[in-house]
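Visitor: need a 3D model of the following:
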Amino acid sequence: MVEIGGNRFGIRMVGGTGGDIAGLEGLEDIFFNPEAYNVLPFLNNYTEDGSWVKTAYYIPANIAFYREGYVDKRGVCNIKKATEYYM
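Guide: Purely as a prediction, here's the structure:
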């Protein structure tokens, strides 16, 4: 519970892997319809065709790939190299 009598006092957090996991079937609906669940939408273009969509907050694996050889000395991920790894 994060709201009592219309007063918000907490943060709702839901997480998932992006894959199919038994028991987490509702996450996809929350992800693609964040406003229906009173979740702050995130405008992004992490889609296959690059179109802009509103979803729940999303961090693609190729942007947060912190493996040796894929980040520079500042800890910044080489997105092109990480994307090639996943492809």
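Visitor: packing partners for the longest helix along the chain?
Guide: As assigned by DSSP state H, the longest helix anywhere in the chain is helix 79-86. The contact analysis (3 or more C-beta pairs under 8 Å, 6 or more residues apart in numbering; DSSP states H and E) places helix 79-86 against no helix or strand. Every C-beta, even on glycine, is put in place using the N, C-alpha and C of the backbone.
Visitor: ok, and for that helix, which residues are buried?
Guide: Neighbour counts using 16 or more other C-beta atoms under 10 Å place A82 of helix 79-86 among the buried residues.
Visitor: what's next to that helix, contact-wise?
Guide: Residues outside helix 79-86 that contact it (C-beta atoms under 8 Å, 6 or more residues apart in numbering) are A61, N62, I63, F65, G69, Y70.
Visitor: switch the cut-off to 10 Å
Guide: P60, A61, N62, I63, A64, F65, Y66, R67, G69, Y70, V71, N78 (C-beta atoms under 10 Å, 6 or more residues apart in numbering).
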